[in-house]
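Engineer: using only what follows, build the 3D model:
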Amino acid sequence: MSLIDDYQLLEIPTNASEQEAKSAFRRLARKYHPDKNPDTDTTELFQRLQAAYENVQNAIRQGAQTADWKPFSFTQSDPFQTAGFRHHHFDSASDKEQEAFIRERQRAYEEMKRNNAHQEKARNEAIKAARNTLNEKRIKALYEEAFKASENFTSEGYKGSSNQQQNYDIPPYQSFIDDEVEQPTEESPRVHAVKLDAAKAAFRAATYIACFAAGIYATLYWQDQTSASEQDEPSPGFVAGLYPQFRIGTNHTLQASSLYAEPDRTSKVIDNLPAQVDIQVFKQQGNWLSIRYQNKNGWLPAQSSGFGSISNARKTGCFGYPGIAPDHGELIGSAQGNSRLRILNQLPTQSLLTFQSFDGKPPFSIYLNKKQAFAANFIPRGQYRLVLETGSLYHHACQQFLFNDKQRIILDKVDFASTEQTLTLSNL
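Structural biologist: Residues are numbered from 1 along each chain as shown. Just a heads-up that it's a prediction; the model follows:
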């Protein structure tokens, strides 16, 4: 900023006196003092006013030192004017005084110019240092007030808040109050209000801590729920009317159940059946099965029985409901790749094509419906052994077929790369 900008900032003309500059500075200081504006940050503007006042004051004082200079009069009276003609008069003494005056004015101007440049540089450095110091102190004060809010809060406000104006090197507001203008008539008790910025800092810190605690709680809760869902993954639910062709014959009970005289839960109970015992099913009517157990005939809810004998369930490890069969080409497991395998399926039954990796990758399988082709374009690169499993009634819990389960190796070692390969499956 130049000296003209300092005059404009103080709202005074360039020919103002030192007293006028002082009055203007005191008026603006009372208006923009930080203590007078707690809701607005006027610290930087107040510091600019201080610097401008110092520059203007120095300029006025330098101008006052040369106030005794008398401008040289270049026009003098002509003694021959009354004679009826004009005569140009030259005086060597006057010329010397004129040259000395001009040199002195030039020297004073150069000196003032150098002083102003030096003062401008010093003022800019002081403002920059004050800003850095102010930001650093504000950050420190923010954290200190946030963590000590509960300890330092008293009926008179926050401890240390009265020294805030000393941290910024700003004169107190009372020093700019004129005695004849704002002098109180009687001494009244002072009330130290709680600083608004301190209250905001405390509220902000409490909000941050609450959000951080909520985030930790949500993360722990999500981890508990995820681990619980992985450990206690529910088995497939009962689906009415599923696989009716496997209901007739030997089945087994899933849990202890009652044997009813009629296909109605309100009918007479003939006997109580224990869990995991074989039963003979003769007929299916809706969701009820007509069974025989130990020479006793009756009706049993279909959801209380499992497919096949209990010995087969224990052998395969497939207990509970089998669930709905997978879709054609459904991936069982995880596989992410770009190798392509075209499968020409001619098998008359459902099948499961399993990829066993020689590179230590987790195995995965592809479910295939009978006599339906499929193009798998997600095979990861590597060497695999291809195992084909055929059967009927796929069980989700054990990921295999319950009946007529057969397995055979169709390719012992095959490399999958970027090229497409073709595999034909036929019943041998």
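
Engineer: how is G306 assigned, secondary-structure-wise?
Structural biologist: The three-state label given to G306 by DSSP: H, G, I helix; E, B strand; the rest coil is strand.

Engineer: OK, contacts around the residue nearest to Y32 when sequence neighbours are not counted?
Structural biologist: Spatially, and ignoring its direct neighbours in sequence, Y32 is nearest to T42 (4.7 Å; Cβ to Cβ, 6 or more residues apart in numbering). All C-beta atoms are positioned from the backbone trio N, CA, C, and that covers glycine. By Cβ atoms under 8 Å, 6 or more residues apart in numbering, the contact list for T42 reads Y32, H33, P34.

Engineer: neighbours around Q356, how many?
Structural biologist: Applying other Cβ atoms under 10 Å, we find 16 residues neighbouring Q356.

Engineer: Q407 now?
Structural biologist: Neighbours of Q407 (other Cβ under 10 Å): 13.

Engineer: I'd assumed L388 was in contact with it.
Structural biologist: Yes. Counting by Cβ atoms under 8 Å, Q407 touches L388, with 7.0 Å between them.

Engineer: where do the contact lists of the two overlap?
Structural biologist: Joint contacts of Q407 and L388 (Cβ under 8 Å, 6+ apart) do not exist.

Engineer: buried stuff in the helix or strand harbouring T207?
Structural biologist: T207 belongs to helix 196-231 when assigned by DSSP states H and E. Under the neighbour-count criterion of 16 or more other Cβ atoms under 10 Å, helix 196-231 has D197, A198, A199, A201, A202, A205 buried.

Engineer: sheet partners, orientation included, of whatever helix or strand comes next after it?
Structural biologist: Taking DSSP H and E as the definition, the helix or strand that follows helix 196-231 towards the C-terminus is strand 249-253. Paired neighbours of strand 249-253 in the sheet (DSSP bridges): strand 278-285 (antiparallel), strand 305-307 (antiparallel).

Engineer: who touches strand 249-253?
Structural biologist: Contacts for strand 249-253 (Cβ under 8 Å, 6+ apart): 273-281, 289, 291, 300, 304-310, 313.

Engineer: let's go with 10 Å and repeat that
Structural biologist: With contact meaning Cβ atoms under 10 Å, 6 or more residues apart in numbering, strand 249-253 is reached by 259, 273-282, 289, 291, 293, 300, 302, 304-314, 319.

Engineer: avg pLDDT for it?
Structural biologist: The pLDDT scores in strand 249-253 average 91.

Engineer: which is the next helix or strand following that strand?
Structural biologist: Strand 249-253 is succeeded, C-terminally, by strand 257-260 (DSSP H and E).

Engineer: name the residues that touch that following strand?
Structural biologist: Strand 257-260 is contacted by residues 253, 265-275, 277, 279, 288, 291-294, 296-301, 303-305 when judged by Cβ under 10 Å, 6+ apart.

Engineer: list the buried residues in it.
Structural biologist: S257, S258, L259, Y260.

Engineer: and for stretch 122-140?
Structural biologist: Within stretch 122-140, the residues that count as buried by 16+ other Cβ under 10 Å are R123, I127, A130, L134, R138.

Engineer: got the CA coordinates for it in CSV?
Structural biologist: Extracted C-alpha coordinates of stretch 122-140, given in CSV (Å, rounded to 0.1, in the frame of the first residue of the first chain):
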residue,chain,number,x,y,z
ALA,A,122,9.0,-3.0,7.3
ARG,A,123,5.2,-2.6,7.6
ASN,A,124,4.6,-5.5,5.1
GLU,A,125,6.9,-7.7,7.0
ALA,A,126,5.3,-6.8,10.3
ILE,A,127,1.8,-7.5,9.0
LYS,A,128,3.0,-10.9,7.5
ALA,A,129,4.6,-11.9,10.8
ALA,A,130,1.6,-10.8,12.8
ARG,A,131,-0.7,-12.8,10.6
ASN,A,132,1.4,-16.0,11.0
THR,A,133,1.6,-15.4,14.8
LEU,A,134,-2.1,-14.7,15.0
ASN,A,135,-3.0,-17.9,13.1
GLU,A,136,-0.7,-20.1,15.2
LYS,A,137,-2.0,-18.6,18.5
ARG,A,138,-5.6,-19.0,17.4
ILE,A,139,-5.0,-22.7,16.6
LYS,A,140,-3.3,-23.3,20.0
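
Engineer: much appreciated, bye for now.
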